[in-house]
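Novice: Fold the following and give me the result.
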Amino acid sequence: MRKEVLDKQKDLEKSNSEIVEKIEKLSKEQQKKFDLIQSKLDKIIETLKPEVSSKIEENKDSAILTAPVDSTQGFQKTEEMAPTFGKYFVLKHTFNNVSNFENNKYYSSEEEEHFGIIWKINVKRCDGFFSYFLFYLLLNNTEKNWEIEAELEPKLVSISSSGKKEKRRKKSSDFFQSDPMKSSWRCLKVIECDEFENDFLVDDCFCAEIAMKLKRMTGIYKENLRSFDETKEESSDVVLIVDDEKFFVSKLYLAHSPYFKNLFMGKFSESKKSEIKLSGIDADDFQKYLEVLYGEQAIDEFNVEGILIVANKYDSSLVIEKCENFLQKESKKTLKTKLQLSKRYNLDALRKQCLEEI
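Specialist: Predicted coordinates for the structure are as follows:
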């Protein structure tokens, strides 16, 4: 009897030992998987940081490699150019092997899509001068006339052991149009090659950067799905004015937003007004925002971020959720772009989905 008990005890100890070994093995495997996922996540997050430039390509027939360059320290984040407000983005690319640039030949950054427009930076060495350009192209062809008013702040940046040096051009306004008589590029800076090489070329590389704020966009979006003009006056109980355009709407629909609910029902001077002026948003974005509130399937690749800007400004969780759902299930935007949007607009479900796809 005693022998049987001892044998059972030995078997139990052996079984426990095997279980511990399996757990340790499993833990090591899980740790390896975790480390691998963490490594991929770190790389993705690194690409989202504004101080790290993305991969640069030359023309179709050759390539220019890039390296990370911290060019945002000391960047002038004024109220007008604040990156957390409005249609703001920064194009930034680091060009390497500049000494191999051929005369009068363009070298291009990779294309980036922002608000339905394709943007890229081109640089060129030409007859003793170095220049760089902003190119733009509408994402899809349209028969409508479109126009963008933008504020630009271009600069060249170099970083060496002695510190950072930059050449910044003052902010300026520009117009981008569908007019076929106008070019689809802007020359932003011209500098003598000797000055460029002495002041900005470090280890045969430099960084070109353009901070942009799109102040007004017209004709970019698809046709409206619902009208909010004076023909809706009888069924409306308030008029909202955006960029001098009047929207005849119902307070009932807008009450989904805590902002508008307090505005209409709170003890504010505007609460008793029949017309209220809104600022800091585009009329086209507000049109699409209203369409979503009214139940229309208005969200697409062009307008999703514009709608998110309005929805975040007015804390409209219903619209934000619909935009996030579109980005998760229908959008063809790149993984990097989706991660950027999830970070900027706090879209946790989208961020989780993106990380699972890494």
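Novice: Pretty sure Leu201 sits against Ser158.
Specialist: Yes - the criterion here is C-beta atoms under 8 Å, and Leu201 meets it with Ser158 at 6.7 Å. C-beta: built from backbone N, CA, C; applies to glycine.
Novice: Following the chain past the one helix or strand in the chain whose mean pLDDT sits lowest, name the next helix or strand.
Specialist: Every helix and strand of the chain was ranked by mean pLDDT, DSSP states H and E. The lowest is helix 2-48, at a mean of 57. Scanning forward in sequence from helix 2-48 by DSSP states H and E, the next helix or strand is strand 87-95.
Novice: now for that following strand, which elements pack on it?
Specialist: strand 112-114, strand 117-126, strand 206-218, helix 304-313 (3 or more C-beta pairs under 8 Å, 6 or more residues apart in numbering; DSSP states H and E).
Novice: will you turn those into JSON lines that also has distance to Gln177, mean neighbour count and mean pLDDT?
Specialist: Formatted as JSON lines, those follow (distance: least, C-beta to C-beta, whole Å; neighbours: other C-beta atoms under 10 Å; pLDDT from 0 to 100):
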{"stretch": "strand 112-114", "distance to Gln177": "17", "mean neighbour count": "18", "mean pLDDT": "86"}
{"stretch": "strand 117-126", "distance to Gln177": "12", "mean neighbour count": "19", "mean pLDDT": "87"}
{"stretch": "strand 206-218", "distance to Gln177": "10", "mean neighbour count": "22", "mean pLDDT": "86"}
{"stretch": "helix 304-313", "distance to Gln177": "19", "mean neighbour count": "23", "mean pLDDT": "94"}
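Novice: Output the below-cut-off pLDDT ranges for the stretch 251-358 of the chain.
Specialist: Low-confidence segments of the stretch 251-358 of the chain, defined by pLDDT under 70: 268-272.
Novice: 90 - rerun?
Specialist: By pLDDT under 90, the low-scoring segments of the stretch 251-358 of the chain are 255-256, 262-274, 279-280, 282, 302, 332-334, 336-337, 340, 344, 357-358.
Novice: Tell me where it has helices.
Specialist: 251-254, 258-265, 283-293, 304-313, 317-329, 335-344, 348-356 (DSSP state H, counting those that start in this stretch).
Novice: Out of those, which gets nearest to Cys193?
Specialist: Smallest distance to Cys193 across these (C-beta to C-beta): 33.7 Å, for helix 335-344.
Novice: between that closest one and helix 348-356, how many degrees?
Specialist: Interaxial angle, helix 335-344 versus helix 348-356 (axes from the mean of the first three to the mean of the last three C-alpha atoms, to 10 degrees): 140 degrees.
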